[in-house]
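Student: dropping a prediction and its sequence here:
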Amino acid sequence: KLGRKVSFSLPIDRLEAGDYVLEARLLSSDDKTVALAEAPILVAGPVENEWRFDENHVLLHNGEPFLPLGYYGAYRALSGEVCNATIIYTLRYDPDDKVDEFLTASHERGVFVAMYPYPRGNEILSGKITNVNNDADLSEDHIAAIIQRVRRFRDHPGLFAWYIVDEPRATPAIRRRLRQVYEIVRREDPYHPCIFLTCRHHEFAYFTGCGDINMPDPYPSFLHGGLAGEGRLPVWVVPQAFSYGAMYKDRTQERYPTFTELRNIVYQGVVAGAKGYIAFKLGQREGRDGNPHTRLGYPFVYEELDRLKPFILADDAGLAQSGDKDILVTSRQVDDQIVVIAVNTATTAKAGAITLSGPAGGVERWKVFNENRNIDVTDGAILDEFGIYATHVYVTENIPELTRKLADVEVEIQETTALIEQTQAK
């Protein structure tokens with residue numbers, strides 16, 4: 001019995017592109033093989049469009065850092081809006097030429113697409129739908145269909161990821177088959193990462209080996225006349241941009257998130273280290289313009305993240321600490337520039353104290369990003385007021401703000417809401 005783990009490194013970067021087998025042997029004192037384990041290794045060669053992660057979980061497109069910011073569905077961003085990524089459910093039902101057209105049109109607008117690697121519905125994943133045993137493998141037809149689809153689109157410049165599954169318990173999907181789908185896709189196309197999404201956080205452990213990206217969609221489901229709960233989000237996030245109340249007649253008590261709430265959702269993800277944001281979903285069954293808070297709020301928040309991109313993709317620098325468990329804090333440093341982000345997750349207003357250390361401790365005055373105000377440090381701490389679900393981003397003086405401020409967006413939302421109400425009253 002081996003009593004400890006043995007770690008080792010291999011000079012994989014020195015190998016030429018091709019297939020290899022890693023062989024590990026446990027030898028006795030007289031050099032006899034006691035145990036043998038093998039694992040295949042694929043060394044992929046260079047391609048024109050490569051998507052991969054670096055050691056800090058930052059997505060790279062042809063070696064350049066990429067921060068996914070976008071929406072589910074065929075959302076068409078207006079001129080000037082930040083939107084570079086989308087996830088599309090329905091392409092699996094379209095013929096290849098229609099998929100090609102969509103990928104090309106999206107790419108021409110600067111929007112990259114993630115889609116399912118299988119061409120049909122959920123019968124590929126679920127034994128319940130095909131009336132076979134839940135331990136059954138993918139059929140030969142299923143495998144051939146996945147391989148054909150991946151090979152057909154893996155070289156398209158508009159593709160950035162494969163969407164392995166959406167909420168596997170609801171699909172429903174069999175873990176054994178999901179792993180087989182993932183292994184087929186990563187073998188056929190090592191240049192595009194695979195997304196695994198679920199709203200149940202404990203399922204990330206159960207479905208280990210089903211994707212490269214863990215992507216939770218923990219929608220707070222805000223209530224009319226009420227608020228929601230608190231939470232922290234990992235890796236990539238699906239922020240809520242819709243209302244169940246607008247989708248289902250039996251959930252009319254639920255509403256859209258407000259601008260303050262959706263900004264809180266996104267920045268909670270930032271604090272927790274999420275490095276990709278694809279909201280679900282603008283225009284969900286309520287018209288092109290959608291709700292003013294989500295329709296106007298998400299483009300503004302995405303513009304903020306795009307402006308702060310190097311800091312969003314950086315890891316926590318350990319330069320700030322919150323004195324309140326309900327106020328989540330992260331600090332990021334890029335060269336001599338520092339950003340401190342604080343998010344109130346409580347359903348009450350808070351007086352926050354953020355203690356600074358290291359290089360951040362030497363900053364005497366901070367700009368509050370896009371709020372038209374500065375704040376002076378008091379006894380080594382940022383002291384500030386946080387409304388319910390308020391988010392404050394503190395930046396050093398050399399980080400430029402946006403032309404529009406939070407107050408401008410709030411006024412625009414109020415005016416648009418009033419206009420809609422007037423129109424509906426007629």
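Tutor: Yep, it's here. Numbers count the residues shown, from 1 in each chain.

Student: sec struct for the closest residue to Asn56 other than its chain neighbours, please.
Tutor: Distances taken as C-beta to C-beta, 6 or more residues apart in numbering put Asp315 closest to Asn56, at 6.0 Å, once the chain neighbours are dropped. Using the backbone N, CA and C atoms, a C-beta is placed for each residue, glycine as well. Asp315 carries the three-state label coil when classified by DSSP: H, G, I helix; E, B strand; the rest coil.

Student: so what's the residue count around Asp315?
Tutor: 13 (other C-beta atoms under 10 Å).

Student: same check on the one 3 residues further on?
Tutor: Neighbour count for Gly318, taken as other C-beta under 10 Å: 12.

Student: name the nearest residue to the spatially most central residue of the chain, ignoring sequence neighbours.
Tutor: Centrality entry for the chain: nearest residue to the mean C-alpha point is Trp236, 2.3 Å, by C-alpha atoms, centre = their mean. In space, and not counting its chain neighbours, Trp236 is closest to Gly276: 3.5 Å by C-beta to C-beta, 6+ apart.

Student: before we move on, back to that, distance of the residue nearest to the centre of the chain from Tyr267?
Tutor: Remark: distance between Trp236 and Tyr267 (C-beta to C-beta, to the nearest Å) = 15 Å.

Student: related to what we said a few turns ago, ok, the residue nearest to the centre of the chain touching Asp212?
Tutor: No. If you go by C-beta atoms under 8 Å, Trp236 and Asp212 don't touch, sitting 10.4 Å apart.

Student: ok, back up a step: who's in contact with the residue nearest to the centre of the chain?
Tutor: 68, 195, 213-215, 274-278 (C-beta atoms under 8 Å, 6 or more residues apart in numbering).

Student: poorly predicted segments of this protein, please.
Tutor: Low-confidence regions of the chain, defined by pLDDT under 70, span residues 1-3, 75-79, 121-123, 125-135, 171, 221-234, 283-290, 426.

Student: sec struct for Pro310, please.
Tutor: helix.

Student: give the contact list for it.
Tutor: Contacts of Pro310 by C-beta under 8 Å, 6+ apart are 65, 334.

Student: quick one: Ala85 and Ala205, what's the gap?
Tutor: Distance from Ala85 to Ala205, by C-beta to C-beta: 26 Å.

Student: the more surrounded of these two?
Tutor: Ala85 (23 against 8).

Student: if I look at that one, how far off is Val99?
Tutor: For Ala85, the distance to Val99 - C-beta to C-beta - is 17 Å.

Student: I'd guessed the residue nearest to Trp236 sits against Pro216; true?
Tutor: No. Between Gly276 and Pro216 there is no contact under C-beta under 8 Å: 11.5 Å.

Student: which neighbours do the two share?
Tutor: 235, 237.

Student: which residues in the stretch 51-200 of the chain form helices?
Tutor: 96-108, 127-130, 140-153, 175-188 (DSSP state H, counting those that start in this stretch).

Student: can I assume Glu415 sits in a strand?
Tutor: No. Counting by three-state DSSP, Glu415 is not found in a strand; it is helix.

Student: give the contact list for it.
Tutor: Contacts for Glu415 (C-beta under 8 Å, 6+ apart) come out as none.

Student: just Asn84 next, same as before
Tutor: 66-70, 110-112.

Student: from the residues you listed, which is closest to Glu412?
Tutor: Proximity of the contacts of Asn84 to Glu412 (C-beta to C-beta) peaks at Leu69, which lies at 20.1 Å.

Student: quick one: the closest one from Val58, how far?
Tutor: Distance from Leu69 to Val58, by C-beta to C-beta: 14 Å.

Student: which one of these two is surrounded by more residues?
Tutor: With neighbours defined as other C-beta under 10 Å, Leu69 and Val58 compare such that Leu69 has more, 25 against 17.

Student: which residues touch the more buried one?
Tutor: Per C-beta under 8 Å, 6+ apart, neighbours of Leu69: 82-85, 276-278, 302, 305-306.

Student: with respect to Arg169, which of those is nearest?
Tutor: The shortest gap between Arg169 and any of the contacts of Leu69 belongs to Ile278, at 20.5 Å (C-beta to C-beta).

Student: so how far is Met247 from the nearest residue to that closest one once chain neighbours are set aside?
Tutor: In space, and not counting its chain neighbours, Ile278 is closest to Gly70: 5.0 Å by C-beta to C-beta, 6+ apart. Distance check for Gly70 against Met247: by C-beta to C-beta, it reads 20 Å.

Student: between those two, point out the one with more neighbours.
Tutor: More crowded of Gly70 and Met247, by other C-beta under 10 Å: Gly70, with 24 against 13.

Student: the more buried one: what's it in contact with?
Tutor: Gly70 touches 83-87, 111, 277-279, 302, counting by C-beta under 8 Å, 6+ apart.

Student: columns distance to Leu383 on top of those, output as TSV?
Tutor: Compiled in TSV, the contacts of Gly70 are given as follows (distance: C-beta to C-beta, whole Å):
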residue	distance to Leu383
Cys83	36
Asn84	37
Ala85	38
Thr86	41
Ile87	41
Val111	42
Tyr277	30
Ile278	35
Ala279	32
Tyr302	30
